[in-house]
Each structure stands twice: as C-alpha cells, then as structure tokens.
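[1] Please work out how this folds:
(chains A and B)
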Amino acid sequence: DAKTTQPNSMESNEEEPVHLPCNHSTISGTDYIHWYRQLPSQGPEYVIHGLTSNVNNRMASLAIAEDRKSSTLILHRATLRDAAVYYCILFIIQGAQKLVFGQGTRLTINP
Amino acid sequence: NAGVTQTPKFRVLKTGQSMTLLCAQDMNHEYMYWYRQDPGMGLRLIHYSVGEGTTAKGEVPDGYNVSRLKKQNFLLGLESAAPSQTSVYFCASSYGRGGTQYFGPGTRLLVL
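    Numbers count the residues shown, from 1 in each chain, chains lettered A, B, ... in the order given. The predicted model follows:
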C-alpha cells in the first residue's frame, strides 16, 4: 500500500509562513495528493489537493516535487486557528479506491 | 444545506449488542465512506460506496456491515459489538474519484 511519512509535530509563530512536508515515495502516476486538517473533536476538513502541478487556494498552497515523491503544504500566514493535525493523504483511484492516511503532523502556533 | 450529518453523536453499547450508525448527505454525492479513528491515530477506511446499491471493503472491514439503499444515506452496522470497536466513527462523501471528501462531525462509540 502506498504510504505517506510526515513529521509528528511542528511549531510556528503566528503570522509566519509554515511549510509542512510529506514524503510519498511509493506514489503511482494516478494517485492524488490530498491534505486535510483536523481540529480537536471535529471531523477532518479538506485543505487542498493536486496531482502533478502546484496548486493554490484561499487556505494554502501545495508544492509537489517534480518526481512526485514528496510534497509540501504551505500556510502563508499562520493564525492561531490553523493549529490542528494536518494529514497528507494519497487517494488511490486504481483498484480498490482507498484514501491512505499518514500519521499526521500536529501543528502548534505560538502567539 | 446541512452537508454530511451523522446519527447518533454518542452511544454506549455492551459487548454483543448491535447498532446502526446513520450517515446522510445532501450534496448529491456518488461516493460515501466510513472511517474509524482510534486515539492518537489517523483515520482508517472501513467500507465505502461508489453509488447507490454498491458497497466495498476498505482497510478494516471485519465486524462491520454497510448498506447504501438510497444515494443520500450510508449505514454502518455492528452486528455484535466488541470493546475493540470503541472508536470515533466518521462518515464522508465526495462527488467523484479523487475529489474533495466532506466529513461529518463523528459518532463516538464506547463498547463496554
């Protein structure tokens, strides 16, 4: 099974950029890279996803390596509300369609 | 537009009892999913459905059954609950393959 590897935790300061890394060396050509975040006692919330090209939306940016074996979620100006567990996920659409969760990175934002 | 809703929010069961968790979505999504999340861990896929009347096994299907009789509803059943099924259960839906998944608020289940 394709898996992702993320740091267990990261810490940043409010209003500074945050770069959350993810390794997915076994990714196949049709797997999408998704990022979700989960606040305490809530369901996961979609952040961004991409296939090959870098992606931007109002919440974040996703930078995908040329070989697609790694990606980075970028929060341009972190706020206290961005403190959450961030999951880097491969969506495997071939065969038994599966969402494979990594262990997640717990992001702490310091005021 | 309520999105994805789950019923009940919390339930306590005794070992051997049965129950059904209900997930409903009002976004006309084709795909629906059931996950479980154990303390300090990520979500694991139990079962999923790619359309009305179809279901398939995920990563941890043992001890669970599902049904998708209507497009907007996805039911997760526990026929004989075990303490190992104590967890938080999340339902999600998406429009299609690789698309954004919208999650419900979760159901906390405690099996004694």
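[2] Could you give the number of residues near residue 91?
    Just so you know, I chose chain A. 21 (other Cβ atoms under 10 Å in any protein chain shown). Glycine gets a C-beta too; all of them are placed from N, C-alpha and C.
[3] The chain in question should be chain B.
    Residue B:91, neighbours per other Cβ under 10 Å, totals 30.
[4] ok, it - contacts?
    B:4, B:6, B:21, B:23, B:25, B:32-35, B:74, B:76, B:103-104 (Cβ atoms under 8 Å, 6 or more residues apart in numbering or on different chains).
[5] 7 Å instead?
    B:4, B:6, B:23, B:32-34, B:74, B:104 (Cβ atoms under 7 Å, 6 or more residues apart in numbering or on different chains).
[6] How about residue A:50?
    Taking Cβ under 7 Å, 6+ apart as the test, what residue A:50 contacts is A:33, A:62, A:64.
[7] how does it look with 10 Å?
    A:32-35, A:56, A:61-64, A:68, A:71 (Cβ atoms under 10 Å, 6 or more residues apart in numbering or on different chains).
[8] List buried members of those by neighbour count.
    A:32-35, A:61-64, A:68, A:71 (16 or more other Cβ atoms under 10 Å in any protein chain shown).
[9] which residues in chain A form strands?
    A:9-13, A:18-23, A:32-38, A:45-50, A:55-56, A:61-64, A:70-75, A:84-92, A:98-101, A:105-110 (DSSP state E).
[10] would residue B:81 count as being in a helix?
    No. Assessed with DSSP: H, G, I helix; E, B strand; the rest coil, residue B:81 is coil; it does not lie in a helix.
[11] Check what pLDDT it gets.
    The model reports residue B:81 with a pLDDT of 96.
[12] tell me which element residue B:47 is part of?
    Residue B:47 is located in strand B:43-51, with elements delineated by DSSP states H and E.
[13] What is that strand packed up against?
    strand A:98-101, strand B:31-37, strand B:54-57, strand B:65-67, strand B:73-78, strand B:87-94 (3 or more Cβ pairs under 10 Å, 6 or more residues apart in numbering or on different chains; DSSP states H and E).
[14] now do 8 Å
    Applying 3 or more Cβ pairs under 8 Å, 6 or more residues apart in numbering or on different chains; DSSP states H and E, we find strand B:43-51 packed against strand A:98-101, strand B:31-37, strand B:54-57, strand B:65-67, strand B:73-78.
[15] Most tightly packed of those?
    strand B:31-37 (a mean of 24; mean count of other Cβ atoms under 10 Å in any protein chain shown).
[16] So what's the gap between that one and the chain middle?
    5 Å (Cα atoms, centre = their mean, to the nearest Å).
[17] Grab the most central residue of chain B for me.
    residue B:34 (3.1 Å; Cα atoms, centre = their mean).
[18] dump the residue contacts of that residue.
    Contacts of residue B:34 (Cβ under 8 Å, 6+ apart): B:21, B:23, B:45-48, B:58, B:64, B:66, B:74, B:76, B:89-91.
[19] what does residue B:94 give?
    Counting by Cβ under 8 Å, 6+ apart, residue B:94 has contacts B:29-31, B:33, B:100-102.
[20] Now do it against residue B:18, distance only.
    28 Å (Cβ to Cβ, to the nearest Å).
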